[in-house]
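K.L.:
Have a look; sequence and predicted model below, questions after that.
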Amino acid sequence: PRVGVSRAARDLLRRLCELGWLYGKVKHFVDAQSSEQENGGAVMQALCSALASELREYYRLIAVLEAQSNEMPVTSFDEAATQRPYLTLRRLSVWLSEPTRRMRVMANLVAACSGKKGGKLLAALHKHAQHGDPFVHSFTSSLLAKASLPLYEMLAKWLYRGELFDPHG
């Protein structure tokens, strides 16, 4: 049997499905790296922590949207308008446009950083931060700054105290 769904609704659904697929890629990477903490090193742990923080923000948004999906508009002069759900497919698409952009960047970074650690990982992040899109540049630069903290701390100990400490080799 064929279900009649408009072309616009199918396009919106494809975009929403893309977000779920991208989320799965990022979540799988973070979970895989957290189970192999010894192999990834401190820089990889810091990157995964930053990605997990972004995923937590996404979870919060999903919780808000889920709560709104059950709500009806509170005040309306039109009786028919009160019978429609507050969260439509179009509104959902608008709410999730920014998280989709963020998730796309994170999925690209996950693909580029897979199998790398330490300086190579930071170099891959830096390469992606050199992007013409201001959003991609700023978002990737913020992840790069968070991932670089362990290296900066190690260098500061070495330069200021003379202590060379690299627990991950």
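P.N.:
That came through, no problem. Fair warning: this is a prediction, and the values are worked out from it, not measured in the lab.

K.L.:
so where's the protein uncertain?
P.N.:
1, 36-39, 72-85, 165-169 (pLDDT under 70).

K.L.:
Centroid-nearest residue for it?
P.N.:
Closest residue to the average C-alpha location of the chain: Met103 at 4.1 Å, with Cα atoms, centre = their mean.

K.L.:
Next, count neighbours for the residue nearest to it when sequence neighbours are not counted.
P.N.:
Spatial nearest neighbour of Met103, excluding adjacent residues (Cβ to Cβ, 6 or more residues apart in numbering): Leu22 at 4.1 Å. In short, each C-beta sits where N, CA and C put it, glycine included. Leu22 has 20 neighbouring residues, counting by other Cβ atoms under 10 Å.

K.L.:
again with the one 3 residues further on
P.N.:
Counted with other Cβ under 10 Å, residues neighbouring Lys25 total 15.

K.L.:
ok, now which ones touch it?
P.N.:
By Cβ atoms under 8 Å, 6 or more residues apart in numbering, the contact set of Lys25 is 107, 110-111.

K.L.:
let's go with 10 Å and repeat that
P.N.:
Residues counted as contacts of Lys25 (Cβ atoms under 10 Å, 6 or more residues apart in numbering) are 103, 106-108, 110-111.

K.L.:
That'll do, ta.
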